[in-house]
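# What shape does this take:
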Amino acid sequence: MIQPYTRITRKTALSIKLIMTDVDGTLNNGGDELSPAVANAMQNLKEHGITVGLVSGRTDPMLVAMARSLDIGGPLIAENGAVARITYKSGLVDLGYSRQPAVEALARLKAKYAGRITEREDNTERLIDIVCRADGVDMKDLRKCVGDVQLLDSTYILHLMQKGIEKGTTLKRLLELMDGPKIRPDEVLVVGDSMTDLSLFKLFTQSVLIPNPDLPEIDKKTLRKSARYISEHGAGEGFAEVVLRIINARI
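Numbers count the residues shown, from 1 in each chain. Here you go, the predicted structure:
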């Protein structure tokens, strides 16, 4: 059963070596700016020896820029698990994924729903997934059309990508590739707000759900069943309050 973030114990707080956080809906509400509270939280984590990484549906260049700005040294996982690097200073990891399934699925959608499927401009920066909007088409119909290809709704945009790609499985792969002492999955805290973060909640025992009021009720219930803790506030403020709890519990 999900618990309030205030139930994070000193033992749990002391065990955390890495925090992997989603961006949109978790650190912010979809813009490019982070609040002073989030920036301060990142600095506090660094001062207490906790590494921070980003795991998002955003493009790799966007995450690299954000990580460089915040000076955080953890892994970066972009395109909902399809693209990754160990740190913003390192090269991309070859995960073996292909963009072709998404390309073919997009073609089927455009053929069936002519004029109602719109690609987003940042597809030119994406390596594996394809993002688009569907005007007035039900998700069930979209999923039938794309067949054996993932169709994810982040509440900001729709993502098409090869089946089997997940944030959680990619993060587990990266833990094995990181330099230095190995970080165990139970030493990682994952933070997210939507169904694109569900694999993180299922694969990592220490997890925090940031409430997202824009989600359908069925998605909210699913996420609450899988995450261990939940913040009181939403994007930005929720992340900052969780970090403050962890820092105070470690002192």
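# neighbours around the nearest residue to Lys167 once chain neighbours are set aside, how many?
Of all residues not flanking Lys167 in the chain, Gly81 sits nearest, at 4.3 Å (Cβ to Cβ, 6 or more residues apart in numbering). Where C-beta positions appear, they are placed from N, C-alpha and C, glycine not excepted. Neighbour count of Gly81, defined by other Cβ atoms under 10 Å: 29.
# where does Gly81 land on pLDDT?
Note for Gly81: predicted pLDDT of 98.
# quick one: it from Gly180, how far?
Noted for Gly81: a distance of 23 Å to Gly180, by Cβ to Cβ, to the nearest Å.
# before we move on, what about Met66?
23 Å.
# In terms of neighbours, single out the busier of these two.
Applying other Cβ under 10 Å to Met66 and Gly180 shows that Met66 carries more neighbours, namely 20 against 6.
# Now do stretch 230-238: distance from first to last residue.
9 Å (Cα to Cα, to the nearest Å).
# Name the residues of that stretch that are buried.
230-231, 234-236, 238 (16 or more other Cβ atoms under 10 Å).
# Please tell me the pLDDT value assigned to the nearest residue to Ser56 once chain neighbours are set aside.
Distances taken as Cβ to Cβ, 6+ apart put Val23 closest to Ser56, at 4.2 Å, once the chain neighbours are dropped. Val23 carries a pLDDT value of 97.
# State the number of residues packed around Val23.
Counted with other Cβ under 10 Å, Val23 comes out at 22.
# isn't it right up against Thr59?
No - using Cβ atoms under 8 Å, Val23 makes no contact with Thr59, being 11.0 Å away.
# from what I can see the residue nearest to Lys167 touches Gly168, true?
Yes - the criterion here is Cβ under 8 Å, and Gly81 meets it with Gly168 at 7.4 Å.
# Between these two, which contacts overlap?
When contacts are counted by Cβ atoms under 8 Å, 6 or more residues apart in numbering, Gly81 and Gly168 have Ser199 as shared neighbours.
# rewinding a little: which of the buried residues of stretch 230-238 fall within strands?
The strands, defined by DSSP state E, take in Ile230 from the buried residues of stretch 230-238.
# Just put the buried residues of stretch 230-238 in a markdown table and tack on pLDDT.
Formatted as a markdown table, the buried residues of stretch 230-238 follow (pLDDT from 0 to 100):
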| residue | pLDDT |
| --- | --- |
| Ile230 | 98 |
| Ser231 | 98 |
| Gly234 | 97 |
| Ala235 | 97 |
| Gly236 | 97 |
| Gly238 | 98 |
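# And the buried residues of stretch 230-238, which two are furthest apart?
Ile230 and Gly236 (15.4 Å; Cβ to Cβ).
# Let me see the contact set for Asp179.
Ile86.
# Need the per-residue pLDDT for it.
On the pLDDT scale, Asp179 gets 88.
# sec struct for it, please.
At Asp179 the chain is in coil, as set by DSSP: H, G, I helix; E, B strand; the rest coil.
# From Ile16, how far off is it?
For Asp179, the distance to Ile16 - Cβ to Cβ - is 19 Å.
# cool, and Asn248?
Counting by Cβ to Cβ, the gap from Asn248 to Ile16 is 13 Å.
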